[in-house]
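Colleague: Here is my input; please provide its structure:
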Amino acid sequence: MSPAKSQAQLQSAVTHHLAGRWDEAARLYENLRIANPRDFQINHLLGALRQQQGRPAEALGLLEKARRSNPRSAPTLMCLGLALGALGRREEAETALRESLRLDPRSHEAWVNLGTLLTAAGRLTEAIEAIRRGVELKPDYAQGWTALGTTVQLAGRGGEGIGYHTRALELEPGHPTAYFSRAQALFSCHRPEEALADFEAHLARYPEHIQARSYRLMLLNYRDDLSREQVFAEHLTYGQAVEAAMTPSTPSATQNPEPKTQNSERHAPPAAARRLRVAFLSPDLRTHSVAFFLEPLLAHLDRAQFETFLYHDHFTVDPMSERLRRHASHWRHVVGQADDIVEAQLRADAPDIFVDLAGHTGMNRLPLFAHRIAPVQISYLGYPNTTGLRAMDYRLTDAWADPVGETDRFHTEKLVRFAPTAWCFTPPEDAPSPAPPPSQSGALTFGSFNALSKLSDHTLRLWREVLAAVPHARIAIKSYGLETDRWQQRLSQAGIALDRVSLLQPKPGIAEHLACYAQIDIALDPFPYHGTTTTCEALWMGVPVVTLAGDRHAARVGVSLLHAVGHPEWIAQSDAEYVAKAVALAADPARLTAMRATLRAEMSRSPLLDHAGQAARFGTALRQLWQAQTQEPAGLRPPGS
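Modeller: Numbering: from 1, shown residues only. Purely as a prediction, here's the structure:
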């Protein structure tokens, strides 16, 4: 190929690259590499493109060749750092990015990319400083502003993050992630309707963005104006989009391989007593509600029967993470790694059973399940609905949260009602003793410590009616991200007098948080998205919980928990009954006082705290589902069948 023709082809490739026509650009770059395999520019450009395409292993090889040709190229070192970061080689990535900045300290892109890497490492203060350097160097750099917005949101400053994402959109209305990122910031500030609007604005521009589709589904569970049919249809659409995005070489979404197809040595021969390899994937293996319910299962799961792998997908590794790690056979920290790298590790571990604990909550990797990682794939704990994936075989639940015959048709998974209640709670070791109810010395106080996103218009109407029926009562509302002015306005608009409301800010520790239950007599569950951890915490602190039963899992968690502790009388079947039950409890101060002394003991005797028993039921379910899916000898029927 003549130099002139090569130059023309290179220019054409760059034009396609900049226009986002990556496949065409890659084809041209590859053609040029055949003739010039050591050319610095071609290796650099193709390496940068492969990184953008989410193929960091290929990118790394190309960028290393480019660096050997020109070791002082700051852009090459920057791209090399991005590829190393995506491969989980974070220290090397940071070294490359800092060397890039040493060579070109005024590179706004390198500063922002360094900040993004530090964000994934959980070094948020350093990350914010680095990204600020980038936007100071180039104030009109939209990507820098949205990166800053994401990082400050993760640091607990979602309101500030909204402003930075808005700035990015002002600079670049078509920015590929600003609406998506602002939606997350809005949700972190308990503004689900605005967040939903931003997700939809983003998807109108980028309908192929699978992650945005998933995050949007989470928000639908908070809506009190959507039928089960509508919500299920949206989940099916997500599953279809995931399958449509799969490449021809990806295992079929509905393919259910025999165990030996993944790793013949580990999966053969089938035998009823063979130790099963079980992998759990979650961003919440830290101080988080999911961890509180997972820990007792892992602690008591029979290690002779199960070899467990924990895949932690969050930058935070805290004392709870370490406790979970001690209960597991293997620990994998995969935050920031590209999906194909995580998939390669999973396939090397060759789990028999692969359990997702996130669903459509943040930082999930549900598309991996569509790739059929394990013969048995299960959804559990983290999400109150179907995944929408045909390749997700089962969802673990109970007959109270998902009554037999009523919710099955709204799931792509087979529902497995494996226990009296689907949850197994771990009370905090430093929980204070229950205090006397505040009505003993003052006004009777209702309360809710649930996330504010759950306080739907329906919920606020119920609470208004409760307060109207108990004229001298108050209500206490406590949550992280509480914007006092905004919530005073919302409560006032709902007809709740502000002089009857106490808005409580979050406390620094769990013990301090639980001590706040001394300020409420009766907890009011939100609707249609019930509390889970908050309900368990209230009961542990001796506070009764009134809940309204709905027609879907999210609106029936309270039903399951209250049946588990032996208090179904606090479950309402209608709005009027919800109000009546709250009023009846308020009218019986002697009973409220007695419950402070008895509820904890009742809970201790319940299935919720039967840790060994629940772990045994969980283990039995895993074994039976494996047998059902793979024809392992034993003849046991799947639980719930």
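
Colleague: residue ranges of the strands in the stretch 401-550 of the chain, please?
Modeller: With DSSP state E, counting those that start in this stretch, the ranges of strands along the stretch 401-550 of the chain come out as 414-417, 445-448, 474-478, 501-504, 522-524, 545-548.

Colleague: Please write out the alpha-carbon positions of the fourth one in CSV.
Modeller: I take that to be strand 501-504. Output of strand 501-504 as CSV, limited to C-alpha atoms (Å, rounded to 0.1, in the frame of the first residue of the first chain):
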residue,chain,number,x,y,z
VAL,A,501,-43.8,16.1,62.0
SER,A,502,-40.2,15.5,63.2
LEU,A,503,-37.7,15.2,60.4
LEU,A,504,-34.7,13.3,61.8
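
Colleague: For it, give the mean pLDDT please.
Modeller: Confidence for strand 501-504, expressed as mean pLDDT, is 95.

Colleague: about what we covered before: save the strands of the stretch 401-550 of the chain as CSV, and put in distance to residue 384 and mean neighbour count too.
Modeller: Placement of C-beta: from N, CA and C, glycine included. Formatted as CSV, the strands of the stretch 401-550 of the chain follow (distance: least, Cβ to Cβ, whole Å; neighbours: other Cβ atoms under 10 Å):
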stretch, distance to residue 384, mean neighbour count
strand 414-417, 13, 21
strand 445-448, 18, 22
strand 474-478, 22, 22
strand 501-504, 25, 16
strand 522-524, 19, 26
strand 545-548, 14, 26
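
Colleague: Now do the same contact list for residue 415.
Modeller: Contacts for residue 415 (Cβ atoms under 8 Å, 6 or more residues apart in numbering) come out as 394, 395, 397, 402, 407, 408, 640.

Colleague: Swap in 10 Å and give it another go.
Modeller: 386, 394-399, 401-404, 407-409, 553, 640-641 (Cβ atoms under 10 Å, 6 or more residues apart in numbering).

Colleague: try residue 382
Modeller: 282-284, 288-290, 293-294, 356-361, 364.

Colleague: quick one on the thing from earlier: select, out of the strands of the stretch 401-550 of the chain, the one closest to residue 36.
Modeller: Of all those, strand 414-417 sits nearest to residue 36, with 55.1 Å by Cβ to Cβ.

Colleague: Tell me the buried residues in stretch 437-452?
Modeller: Of the residues in stretch 437-452, 437, 438, 439, 444, 445, 446, 447, 448, 449, 450, 451, 452 count as buried by neighbour count, 16 or more other Cβ atoms under 10 Å.

Colleague: which of those lies closest to residue 373?
Modeller: Once Cβ to Cβ is applied, the member of those that ends up nearest residue 373 is residue 451, at 31.0 Å.

Colleague: my read: that closest one touches residue 530, true?
Modeller: No: counting by Cβ atoms under 10 Å, residue 451 does not reach residue 530; the two are 11.4 Å apart.

Colleague: related to what we said a few turns ago, and the contacts of residue 415, which of them are buried?
Modeller: 386, 394-399, 401-403, 407, 553, 640.

Colleague: Can you give me every residue that contacts the residue nearest to residue 158 when sequence neighbours are not counted?
Modeller: Excluding its sequence neighbours, the residue lying closest to residue 158 (Cβ to Cβ, 6 or more residues apart in numbering) is residue 188, at 3.7 Å. By Cβ under 10 Å, 6+ apart, residue 188 lies in contact with 153-154, 156-159, 161-162, 195, 362, 453, 480-481.

Colleague: Show the buried residues in those.
Modeller: Neighbour-count burial within the contacts of residue 188 applies to 153, 154, 157, 158, 159, 161, 162, 195, 362, 453, 480, 481; the criterion is 16+ other Cβ under 10 Å.

Colleague: ok, the first one to residue 368 distance?
Modeller: The one in question is residue 153. The gap separating residue 153 from residue 368 is 25 Å, by Cβ to Cβ, to the nearest Å.

Colleague: Ok, the last one next?
Modeller: To residue 368, residue 481 is 30 Å away according to Cβ to Cβ.

Colleague: Kindly report the same for the third one.
Modeller: Computed as Cβ to Cβ, the residue 157 to residue 368 distance reads 31 Å.

Colleague: and if you look at the second one?
Modeller: Separation of residue 154 from residue 368 (Cβ to Cβ): 23 Å.

Colleague: So what's the gap between stretch 387-396 and the chain middle?
Modeller: 16 Å (Cα atoms, centre = their mean, to the nearest Å).

Colleague: That one spans what distance, first to last residue?
Modeller: Using Cα to Cα, to the nearest Å, the end-to-end distance of stretch 387-396 comes out at 12 Å.

Colleague: Going by neighbour count, which residues in stretch 562-581 are buried?
Modeller: So for stretch 562-581, counting by 16+ other Cβ under 10 Å, buried means 562, 563, 564, 565, 567, 570, 571, 572, 578, 579, 580, 581.

Colleague: Is the last one in a helix, a strand, or coil?
Modeller: When states are read from DSSP: H, G, I helix; E, B strand; the rest coil, the local structure at residue 581 comes out as helix.

Colleague: still on that earlier bit, same list (the strands of the stretch 401-550 of the chain) but as a markdown table, adding distance to residue 628.
Modeller: Shown next, in a markdown table, are the strands of the stretch 401-550 of the chain (distance: least, Cβ to Cβ, whole Å):
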| stretch | distance to residue 628 |
| --- | --- |
| strand 414-417 | 9 |
| strand 445-448 | 41 |
| strand 474-478 | 44 |
| strand 501-504 | 48 |
| strand 522-524 | 39 |
| strand 545-548 | 33 |
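
Colleague: Which of the ones you listed sits closest to residue 430?
Modeller: Across the strands of the stretch 401-550 of the chain, closest to residue 430 is strand 474-478 (Cβ to Cβ), at 18.5 Å.

Colleague: neighbouring strands for the closest one, and are they parallel or not?
Modeller: strand 445-448 (parallel), strand 501-504 (parallel) (DSSP bridges).

Colleague: How far off centre is the first one?
Modeller: Taking the mean of its C-alpha atoms, strand 445-448 sits 28 Å from the chain's own mean (Cα atoms, centre = their mean).

Colleague: Just the mean pLDDT for it, thanks.
Modeller: Strand 445-448 comes out at a mean pLDDT of 97.

Colleague: On the three-state scheme, residue 566 is what?
Modeller: coil.

Colleague: ok, the nearest residue to it once chain neighbours are set aside to residue 70 distance?
Modeller: With sequence-adjacent residues excluded and distances taken as Cβ to Cβ, 6+ apart, residue 566 is closest to residue 602, at 5.9 Å. As judged by Cβ to Cβ, residue 602 and residue 70 stand 71 Å apart.

Colleague: Of these two, give the one with the bigger neighbour count.
Modeller: Applying other Cβ atoms under 10 Å to residue 602 and residue 70 shows that residue 602 carries more neighbours, namely 17 against 14.
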